[in-house]
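S.K.: kindly generate the corresponding structure for this input.
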Amino acid sequence: MFEFFIAALVVAIAPGPDNLFVLAQSATHGTRAGICVICGLCTGIAVQTTLLIVGVSALIAASPVAFFVLQCCGAAYLLYLAYKSFQVRAGVVKLDERGEKSESSSLSFRKLYLRGIIMNLTNPKAVLFALSFIPPAVRMDSALSPSLQMAILGVEFVVATFIVFGSIAFLAGTVKNFLLNSPKANRNLNWFSGCVFVLLAIALFVM
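M.R.: Have a look, this model is predicted:
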């Protein structure tokens, strides 16, 4: 299963909706916020793996209506996030005594965590990806049951995702720290984040 882990790292590195989402959130709200989003995305991957094991993912992928509804839900949520980003007013970010952003200047970690979960679970492409990426790696000649193997592969995918996305969050958050006291830069970051959300919403239907 080491080969699967390497493949998962490559997949996480390749530009896609999730890592662009992490990039936008980290650049806008900082590294710690990005980590919260990543934890939510990884929780979503764990749920996707569970749905795959029990067969729900296959049912969704096989139903055009269910798949379209999931697309609409995902696009609606992303457009909502875009609206919230465009509505943010530019201003100087306040720091607390530790040099961190104060709670009043950023989203709560719980909300960011939920953003990550919703982003993953309302992405129909995540369902198709789980179906096409995890089951083929299951070895039928293994002493482990297919369900247990898929659970292990899901854990490997979560670890690989956290490593890659965590690096993205750190780099984007570092850039954000240099721009904390620039109202113009903060406004541009919020607009960048909003544009990313709009593009991701469109991508759910055209890619």
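S.K.: state the helix or strand in which the closest residue to Ala8 other than its chain neighbours lies.
M.R.: Excluding its sequence neighbours, the residue lying closest to Ala8 (CB to CB, 6 or more residues apart in numbering) is Ala160, at 3.7 Å. Placement of C-beta: from N, CA and C, glycine included. For Ala160, the element it lies in under DSSP states H and E is helix 146-178.
S.K.: repeat for Asp141
M.R.: According to DSSP H and E, Asp141 maps onto no helix or strand at all.
S.K.: show me where pLDDT drops low in the chain?
M.R.: 1, 88-107, 177-186, 207 (pLDDT under 70).
S.K.: give me the neighbour count for Gln87.
M.R.: 9 (other CB atoms under 10 Å).
S.K.: measure it to Tyr80 for me?
M.R.: 11 Å (CB to CB, to the nearest Å).
S.K.: again, but for Cys73
M.R.: Distance from Cys73 to Tyr80, by CB to CB: 11 Å.
S.K.: tally of neighbours for the closest residue in space to Leu70 that isn't next to it in sequence?
M.R.: Counting by CB to CB, 6+ apart, Leu70 lies nearest to Pro124, which is 4.4 Å off, once chain neighbours are set aside. Applying other CB under 10 Å, we find 21 residues neighbouring Pro124.
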